[in-house]
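> Need a 3D model of the following:
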Amino acid sequence: MVNLFSMKDYTKSTGTKAYKAFTSLLISLLILSISLGAFGVQPTQAQATTYPEYVVQAGDSLLWIASKFNTTLEAIMQVNQIGPDSTLHPGDKIKIPSLAGLEGVLSSEYVGLGTSINSLSRRSQVELGKLIRLNRITSPSELFIGREIFLTDVEQETPSSASAILEGQTFLELAIKSGQNQWALSHRNLLTNPNFALPQDSYYVPSANAQSDTLAVPGIGSVSIDNLPLRQGETYVLHVQSPSNVEIEAELVNQSPQFTDLGEGKQIAFGGINALTEPGVYPLTMTFRRDDGYVYRFDQLIVVKSGHYPEETLLVDPATMDEENIRAENAIFYEIIKPITPVQYWDGMFTSPAQDIDCITSKFGTRRTYNNDPNIYYHTGLDFGFCKGIDVYAPAAGKVVGVLPDLIIRGNTIIIDHGLGIYSIYMHLEKMMVEEGTMVQPGQLIGLIGTTGRSTGPHLHFEINAQGVPVSPATWLKRVFP
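Okay, here's the model as predicted:
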């Protein structure tokens, strides 16, 4: 180290001014140091790099985690000080090196209807810049419905729900309505000034129940879509809550699901994604018409993912593949399932219509070719064998609207209307044991497994139809709708 005092003899008269100046500088620095200490200011020290942590789930591997967060296996091992053969257990926390500088526990969710990068930031309390970096977002259009998005969990004192500034309303009115100080509410929504709030944008206010993002439409309480992410052959549900009368139209992948008014300002529409829909991003369009003539149109992109369906080839009676026979039978079938009964007959989850829920001989969505014909079809239902018996039961409450004997393709067929545009269908039966117009209950015997119509052996073809679109019955046997 260089000795400053050895560079010049400051005792000589020629260096008196320099000596005084140097002494004055030392005294000033000493006073400044004492003053900063009094205010609790400490000298700056190099801070350790922080990393957000991912909680390991069943089936995860280090390579999969690295791919998920756009990093390398080597970087993950280095930051976490683990080797390539380290065993992962559900609940373990892995630091993510590609997100250095961020912190917290990573969680994920699917982008919902009406979600914007700003509303997501406000609800999660993650700064906008960090949220953009965390999810590598380069354009607002990338927040399509059903996209998985990552957040860092922040402990919030009280739950919050989304609310929109309606036409003619101010942020101050929203604050008063929610019992909040407008500056505190603006701080909660990451606004530097309440005057920066925009009409028809979502802001979060304290609530007894936490609520995810919702579409901000003037005069509409909330609009949401259920069963994300959407996949080929899956059911989706649109929910609308409105304090006043509103007429709603929706369109998605060439389908226009019809809404049913359930009363008390609630409307619902079931829809289905055709199993042959190409995976990709599609526009969801919704139009709202109020009684006062106000019309609001909303568009947001939604992702449809692959159902990863297998393939199979079947040899069947050529008469069951005749186009004229198919058209004539479909005309009868689709006329029966066309009406949308404005009530929900079922309650809770559907149960298996077969005695053995695991006796599956062919899954929904399977790509099929018949008799070596190059045309591609898909399996519109779930086939049950008769491992434990041949009885067929109603899976949920509903009304029998079709008892159709001797159909060329479907064989002996029963159709049950469960309301709201949801129908269940039972094909290839040996015997039908209910009459049209009968109200049935879950577990009620309705028929016996057979091999009538286009069938290669005894089985039950069980189908669920949502407003004219066959959807995966397995989903209805695993979760509650709506």
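
> pLDDT below threshold where in the stretch 51-200 of the chain?
Across the stretch 51-200 of the chain, residues meeting the criterion (pLDDT under 70) sit at 154-168, 200.

> And the helices in it, which stretches?
Across the stretch 51-200 of the chain, reading from the start of the chain, the helices by DSSP state H, counting those that start in this stretch fall at 62-68, 73-80, 117-124, 128-135, 171-177, 182-188.

> buried set for the second one?
Buried positions in helix 73-80, judged by neighbour count with 16 or more other C-beta atoms under 10 Å: 75-77, 79-80. Backbone N, C-alpha and C define where each C-beta goes, glycine included.

> what do you get for the first one?
By 16+ other C-beta under 10 Å, the buried positions in helix 62-68 come out as 62, 65-66.

> how much distance is there from it to the middle of the chain?
The gap between where helix 62-68 is centred and where its chain is centred comes out at 22 Å by C-alpha atoms, centre = their mean, to the nearest Å.

> Likewise for the fifth one?
Centroid separation between helix 171-177 and its chain, computed with C-alpha atoms, centre = their mean, is 31 Å.

> What helices and strands are in contact with that helix?
Identification of packing neighbours for helix 171-177 by 3 or more C-beta pairs under 8 Å, 6 or more residues apart in numbering; DSSP states H and E yields helix 182-188, strand 202-206.

> State the helix or strand in which the spatially most central residue of the chain lies.
With the centre of the chain defined as its mean C-alpha position, the nearest residue by C-alpha atoms, centre = their mean is residue 228, 3.0 Å away. Residue 228 belongs to no helix or strand when assigned by DSSP states H and E.

> thought it was touching residue 146?
Yes - the pair residue 228 and residue 146 passes the contact test of C-beta atoms under 8 Å, sitting 4.7 Å apart.

> Next, show the common contact partners of those two.
Applying C-beta atoms under 8 Å, 6 or more residues apart in numbering, one finds that residue 228 and residue 146 are jointly contacted by 110-111.

> ok, residue 131 - contacts?
By C-beta under 8 Å, 6+ apart, the contact list for residue 131 reads 117, 120-121, 124, 137, 151.

> same check, this time on residue 281
Taking C-beta under 8 Å, 6+ apart as the definition, contacts of residue 281 comprise 144, 301-304.

> Mark which of these are part of helices, please.
With helices taken from DSSP state H, there is no overlap with the contacts of residue 281.

> Just those: which are in strands?
Residues of the contacts of residue 281 located in strands (DSSP state E): 301-304.

> can you put the residues you listed in TSV and add pLDDT, neighbour count and distance to residue 133?
Rendered in TSV, the data for the ones in strands among the contacts of residue 281 read as follows (pLDDT from 0 to 100; neighbours: other C-beta atoms under 10 Å; distance: C-beta to C-beta, whole Å):
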residue	pLDDT	neighbour count	distance to residue 133
301	93	17	22
302	95	22	24
303	95	19	22
304	97	23	27
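
> follow-up on the earlier one: ok, of the buried residues of helix 62-68, which one's closest to residue 455?
Taking C-beta to C-beta as the measure, residue 455 lies nearest residue 65 of the buried residues of helix 62-68, at 46.2 Å.
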